[in-house]
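Q: Sequence and predicted structure below; questions after.
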Amino acid sequence: PMFYEFKPEETVKAAHGTTLRCKTWEAEAALRMLENNLDPAVSLVYDELIVYGGAGRAARNWKEYQTIVKTLKELEADETMLVQSGKAVGVLKTWAHAPRVLIANSNIVPAWSTQEYFDELDRMGLMMYGQMTAGSWIYIATQGILQGTYETFAAMADQHFGGSLRGTITVTAGLGGMSGAQPLAVTMNDGVCLVVEPIDERVKQKVREGYVDEQARDLAHALELCEQAKATGTPLSVGLTGNAATVLPELLERGFQADIVTDQTSAHDLMDYLPEGEIGKVLALRAANPEEFKKQALQSIVKHVEAILEMQRRGTIAVDYGNNLRGQAEKGGLQVRDEHGQFLYPGFVPGYIRPLFCEGKGPFRWCALSGDPQDILRIDRALLETFPENKMLARWIEKAQAKVPFIGLPARVCWLGYGERERFGLVINDLVARGEVSAPIVIGRDHLDCGSVASPNRETEGMKDGSDAVADWPLLNALANCASGADWVSLHNGGGVGIGNSTHSGMVIVATGTPEKAERLKRVLTTDPGMGIFRHADAGYELAQDVARERGAKIPGQQ
Ligand code: NAD
C-alpha cells in the first residue's frame, strides 16, 4: 500500500522537446530519464515503480519519487543531489562541472549483505533494490539488453556454428524486461528460438511488440513450428506459455535435441522465479506464503538446471545468461561444479564476452531527450560514417532500425571500445552544437560493462588471476567518473545476480553541445572504458595489456 500513496494523478512519462523544467539540461536529463524508466510502456510494474529485473526500482516509493522530482527542479547549476536507495537525502553545493546526481542503491556492509537481510531493510522502508539501470535512471527498455544478447549469440555462432545461427534451435525461458530480448536476438542471428514464459499475457505482449514472432498453442505445436523453421533455415521465434522447469524435462522425454540452451528467468531472487504449477495458484501462493513459495521456487530451479545439464550431456551447448540460476540450484543442493570448482556450464562472460571487455568494449548507449526518433536516426548515420570498417556494427544498426521499436525516449545502444567511445561522444556533442539533433543527448551505459562491475557468478566469473570477487574496481570506477566530470554516477549492490553477489557502478553524461562539455566528454569517455583496460590488464589478460600499450592507457609499471 505504501507504494500507492502520493502516486501522481497523471501517468508518468518522459517530457519531450526543449522546454526545461529544471535549471540545467543536466538536471532536466536526470528527471526525464527517471520519468522514462517509469513510463508504463517501459517499466514492468508501473504502480510499484518496478522497472525491470525482478524488483528493480527507479525510486523507493511514489512519495520519494515526488521529492526527487521537486529537488531536481530546484537544483542549482552548482548543486548535487544525493540519492540513497531511491530517496533524495541531501543537496550539496559542489561545482558546475561536478555530477548533478550521486546515487547509492542497495549497498549493505558485506557481512550483512544477504537477500534476507535486504528484504528486512526493504520492509522497514530503508532500502530499495536498484538492479543496474533501474535505480540509476539509464534503462532504455529491452533494446539495451538486445544488443548485448545479439553480441553474445553472434559470438556463439562464431565459435560453434560457423558464423550464423541459421538452422539451429535455441531453447530459453523468460519474457520479461531483459529476457524478452532473447528471441529477437536469436532471429537477428538468423536462428530459431523457443522461449518459455509462464505468464500468458507476457507472451502476447512480446508478440505485439515484435520481439516474438508467434505464440504456440502447446508444446507439440511449438516443436512443429521450430523443427520446420530449422529445416528450411528460416529465422523464427516461438513463445510458449509454460514453466521452464516443466517444459525442459518434457523436451528431454520427447528426445528433442536443442542446439543451444540458456535461461533468463529472474532466478536471482527466489520471489521472482515462478515455481511449477497452475499460474493463478502460484501467484496466490507468493502473496499468501512467501516462505513456501521460495521453497518451491528452489525445487523448480533444481529441476530446471538438472534438465539443462542433461541437455548438455546430450550435446547441446549450455550457457548461463547471468541470472544466477546455477548459483541458486547449488543452494538447492544440486551439484553444478566440477572437481576444480568450475561451473559445469559456463557463464556468457567467460564463455563469450570477456575478449570484448579486454578492449574496453561494452554496452555504450545514448538517448534523445527531444523524444524525436529522427535524432537517433541522425546519430545512426554519424555512427556508420565514424566507424565505416566495423561490419558487425553496420549489421546491428541495419537490423535495429528494421526490428527494434522505440519504447519511451528514443535510444540506441552499441558496443564501443576504448578510444571509440570518446571519439563518438565528441561526434554526438558536435551534432548537438550544430543543431543537427533537436535537443541534448544523454550518453551512458549499463553497469554490466568492462570495468564497472565485480560479480563472481557473471561478469568476473573465472578471472585469470582469481580476482573474481574483488570489488575495489567498481568503487574506483565510480570515483574516477566523478573526478572526470560525469553528470550522474551510481554505486549499486546485487544487480543481475542478486543482493550480495555483485557490486557495480553506473555513469551518465549529457552531451549539451558546449565546448566545456566536449572537454568533460573526452575525459569521462576515456576514463570509464579505461577502467576495463586496467582491470583486465591487471588480471593478466594480454589483450588488455596490448590495448593499453597501443592506445595509450597509462598503467604504472607497464612498459
Ligand atoms: P523480469 O522479471 O522482467 O522477467 C523475468 C521473466 O521470467 C518473467 O516474465 C517471469 O514470469 C519469467 N519466469 C519466472 N519464472 C519462470 C519459470 N520458471 N519459467 C519460465 N519463465 C519464468 O526480469 P528480466 O529483466 O527479464 O531479467 C531476467 C534475469 O536476467 C534477472 O535475473 C536479471 O538479473 C538477469 N539479467 C541478465 C542480464 C545479462 O546481461 N545476462 C542483464 C540483465 C538482467
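A: It's in. Numbers count the residues shown, from 1 in each chain.
Q: Around the one residue in the stretch 51-200 of the chain that gets nearest to the ligand, how many other residues sit close by?
A: The ligand sits closest to G176 of the stretch 51-200 of the chain, with a gap of 1.8 Å, by C-beta to the nearest ligand atom. The way it works is simple: take the backbone N, C-alpha and C, and place the C-beta from them, glycine included. G176 is flanked by 21 other residues according to other C-beta atoms under 10 Å.
Q: quick one, what contacts it?
A: By C-beta atoms under 8 Å, 6 or more residues apart in numbering, the contact list for G176 reads 44, 52-53, 197, 202, 264, 266.
Q: and the ligand, which of those residues contact it?
A: With the criterion set as C-beta under 6 Å from any ligand atom, the members of those near the ligand are 44, 52-53, 197, 202, 264, 266.
Q: Nearest to L20, out of these: which one, please.
A: For the ones next to the ligand among the contacts of G176, the closest approach to L20 (C-beta to C-beta) belongs to Y52, at 28.1 Å.
Q: neighbours of Q228, just the number please.
A: With other C-beta under 10 Å as criterion, Q228 counts 12.
Q: picking up where we left off before, please tabulate the ones next to the ligand among the contacts of G176 in TSV, including the columns pLDDT.
A: Formatted as TSV, the ones next to the ligand among the contacts of G176 follow (pLDDT from 0 to 100):
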residue	pLDDT
L44	91
Y52	92
G53	88
E197	98
R202	97
Q264	97
S266	93
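Q: Okay, G341 and G466: tell me how far apart.
A: Distance check for G341 against G466: by C-beta to C-beta, to the nearest Å, it reads 11 Å.
Q: Comparing the two, which residue is more hemmed in?
A: A direct count of neighbours by other C-beta under 10 Å for G341 and G466 places G466 higher, at 10 against 7.
Q: Tell me which of the ones next to the ligand among the contacts of G176 fall in helices.
A: Taking DSSP state H as the definition of helices, these contribute R202.
Q: wait, D375 sits on C367?
A: No. Contact criterion C-beta atoms under 8 Å: D375 and C367 do not qualify, at 9.4 Å.
Q: Tell me which of these two has more neighbours.
A: Shown here are D375 and C367; by other C-beta under 10 Å, C367 has more neighbours (29 against 26).
Q: what pLDDT does the more buried one get?
A: Predicted confidence (pLDDT) for C367: 98.
Q: which secondary structure element contains it?
A: strand 362-368 (DSSP states H and E).
Q: go on, Q66?
A: Assigned by DSSP H and E, Q66 falls in helix 62-74.
Q: same question for stretch 442-461, mean pLDDT?
A: Per-region confidence: stretch 442-461 scores 96 on mean pLDDT.
Q: again, but for stretch 232-240
A: In the prediction, stretch 232-240 has an average pLDDT of 98.
Q: which residues touch that stretch?
A: 166-167, 175, 183-184, 186-197, 203, 206-207, 211-216, 218-219, 222, 225-226, 228-229, 247.
Q: Contact residues of the protein facing the ligand?
A: 44, 52-54, 145, 148, 173-179, 196-199, 202, 243-245, 264-268, 272-274, 300, 321-323, 448, 496.
Q: redo that, cut-off 5 Å
A: Taking C-beta under 5 Å from any ligand atom as the contact definition, the chain meets the ligand at 52-54, 173-174, 176-179, 196-197, 199, 202, 243-244, 264-266, 268, 273-274, 321-323, 496.
Q: list the contacts for E214?
A: 207, 225, 236-239.
Q: same deal with N323?
A: Contacts of N323 by C-beta under 8 Å, 6+ apart are 174, 263-268, 496-497.
Q: The residue nearest to it when sequence neighbours are not counted - how many residues pack around it?
A: In space, N323 comes closest to A267 once its chain neighbours are excluded; the distance is 4.6 Å by C-beta to C-beta, 6 or more residues apart in numbering. A267 is flanked by 30 other residues according to other C-beta under 10 Å.
Q: tell me which element the residue nearest the centre of the chain is part of?
A: For the chain, the residue sitting closest to the mean C-alpha position, by C-alpha atoms, centre = their mean, is I145 at 5.2 Å. For I145, the host element (DSSP H and E) is helix 143-160.
Q: Just the buried residues of that helix, please?
A: Neighbour counts over helix 143-160 (16 or more other C-beta atoms under 10 Å) mark 143-157 as buried.
Q: about what we covered before: list the ones among the residues of the chain next to the ligand that fall in strands.
A: Applying DSSP state E to the residues of the chain next to the ligand, the entries found in strands are 52, 173, 196-197.
Q: Which of these are buried, as a PyMOL select command?
A: With 16+ other C-beta under 10 Å as the criterion, this PyMOL line picks the buried residues out of those:
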select buried, resi 52+173+196+197
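Q: sorry, back to before: how about the contacts made by the residue nearest to N323?
A: Here A267 is in contact with 273, 301, 323-325, 328 (criterion: C-beta under 8 Å, 6+ apart).
Q: same thing but at 10 Å, please
A: 54, 173-174, 244, 273, 297-298, 300-301, 304-305, 320-321, 323-329, 497-498 (C-beta atoms under 10 Å, 6 or more residues apart in numbering).
Q: Equivalent analysis for M124, please.
A: Per C-beta under 10 Å, 6+ apart, neighbours of M124: none.
Q: List phi and psi for it.
A: phi -70, psi 0 (degrees, to the nearest 10).
Q: Check the gap between Q257 and the ligand for me.
A: To the ligand, Q257 is 20 Å away according to C-beta to the nearest ligand atom, to the nearest Å.
Q: Check V510 too.
A: Note on V510: its distance to the ligand, by C-beta to the nearest ligand atom, is 24 Å.
Q: Check which element follows the strand or helix carrying that residue along the chain.
A: Taking DSSP H and E as the criterion, V510 maps to strand 503-511. Toward the C-terminus, strand 503-511 is succeeded by helix 515-538 as the next helix or strand (DSSP H and E).
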